[in-house]
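> below are the sequence and a predicted model for it; my questions follow.
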Amino acid sequence: MILESFGLEKYMDELIDSSNYQLRVMKYEKPKTKDSTHALAAHCDTNTMTLLYKNEVNGLQIQSKDGEWINMKPSPNSFIVLIGESLSVWLNGRLPLPSHRVMMKGNED
């Protein structure tokens, strides 16, 4: 659907065959400390796209164009979609490739 919306449907088979695909499931538990900690260092995903399901653990940050880290606060039971390097290359950079990280902090109680 994304490739079609950018007029690339005639290249779809070639683009799909040019990549390896993976499915990775990760779950972050609430940290036991009140201090902020890097759960996942800053990076861009190399895949096509990443789907993140919002759970009770917050901490996802997206880096803005000016380098500021923005806390993501999605609504409950929602998904966040991040573009990966493969899709960004296929689209010649027409969708931004987000640098992101996970910074977590334990509860105050």
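Ah, there it is.
> pLDDT weak spots in the chain?
Within the chain, the stretches with pLDDT under 70 are 21-23, 28, 106-109.
> could you redo the last one with a cut-off of 80?
Within the chain, the segments meeting pLDDT under 80 span 1, 11-12, 15-16, 18-39, 54-58, 104-109.
> what residue is smack in the middle of it?
The chain has Leu82 as the residue nearest its centroid, 3.6 Å off, counting by CA atoms, centre = their mean.
> run a quick neighbour tally on Thr48.
By other CB atoms under 10 Å, 20 other residues sit near Thr48. Placement of C-beta: from N, CA and C, glycine included.
> now it: phi and psi?
phi -80, psi -50 (degrees, to the nearest 10).
> check the one 4 residues further on too.
When read as degrees, to the nearest 10, the backbone of Leu52 gives phi -110, psi 130.
> residue contacts, it?
Leu60, Phe79, Ile80, Val81, Leu82 (CB atoms under 8 Å, 6 or more residues apart in numbering).
> distance of it from Asp13?
Taking CB to CB, to the nearest Å as the measure, Leu52 falls 28 Å from Asp13.
> with Asn55 instead?
36 Å.
> those two: who's more crowded?
Of the pair Asn55 and Asp13, Asn55 is the one with more neighbours under other CB under 10 Å, namely 12 against 9.
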